[in-house]
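Output the structure for:
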Amino acid sequence: LRLIEQAKVFAQAAAVVGAHGSNLANLVWLQEGAAVVEVHRPANERGPRYNNFWHTAVSLGMRYQFVTAASGFVLTPPQIEEIAGFLAGSLSLSNEKQRHN
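As a prediction, this is how the structure comes out:
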């Protein structure tokens with residue numbers, strides 16, 4: 001997608017789940033209150049943990065969760081349930097906020 005198309009897609013998203021990488025730079029287009037889940041490789045399969053996407057998300061008023069995938073960059077069922085719970089809670093808070101505005 002071209003940059004303007006990426007910006008439009010992210011601006012309409014209530015939540016984004018993505019692997020750590022440059023693709024998450026698009027979170028700057030998300031609206032305040034959106035949920036962001038950043039998935040990293042396990043510590044033994046990656047370099048140091050960088051908090052740049054956490055800083056960006058929190059600075060822009062988004063809800064953020066960091067998840068470390070299992071070996072081979074696989075999400076386990078408990079991790080998927082954790083992400084689903086985070087997203088459900090975030091979307092519920094977002095919907096509640098919209099009802100009060």
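
what residues are up against residue 35?
The contact partners of residue 35, by Cβ atoms under 8 Å, 6 or more residues apart in numbering, come to 14, 15, 16, 62, 63, 64, 65, 86, 87, 90, 91, 94. Yep, even glycine has a C-beta here, placed from its N, CA and C like the rest.

And it, how far from residue 89?
Going from residue 35 to residue 89 by Cβ to Cβ, to the nearest Å gives 9 Å.

Just the buried subset of the contacts of residue 35, please.
The neighbour count (16 or more other Cβ atoms under 10 Å) marks 15, 16, 62, 63, 64, 65, 86, 87, 90, 91, 94 as buried among the contacts of residue 35.

Spatially, what comes nearest to the fifth one if we skip its sequence neighbours?
Excluding its sequence neighbours, the residue lying closest to residue 64 (Cβ to Cβ, 6 or more residues apart in numbering) is residue 57, at 4.1 Å.

Tell me the helices and strands packed up against the helix or strand hosting the one you found.
Per DSSP states H and E: residue 57 is located in helix 52-59. Packing contacts for helix 52-59, counted by 3 or more Cβ pairs under 8 Å, 6 or more residues apart in numbering; DSSP states H and E, involve strand 35-40, strand 63-68.

neighbouring contacts of that helix?
20, 24, 27, 28, 36, 38, 63, 64, 66.

now swap in stretch 62-73 and tell me
With contacts defined as Cβ under 8 Å, 6+ apart, stretch 62-73 is touched by 19, 27, 30, 32-45, 53-54, 57-58, 75-76, 79, 82-83, 86, 90, 93.

let's see 6 Å
Stretch 62-73 is contacted from outside by 30, 34-42, 54, 57-58, 75-76, 79, 86, 90, using Cβ atoms under 6 Å, 6 or more residues apart in numbering.

Run through the residues that contact the residue most central in space within the chain.
Centroid-nearest residue in the chain: residue 36, 1.9 Å away (criterion: Cα atoms, centre = their mean). For residue 36, the contact set (Cβ under 6 Å, 6+ apart) comprises 16, 27, 57, 62, 64.
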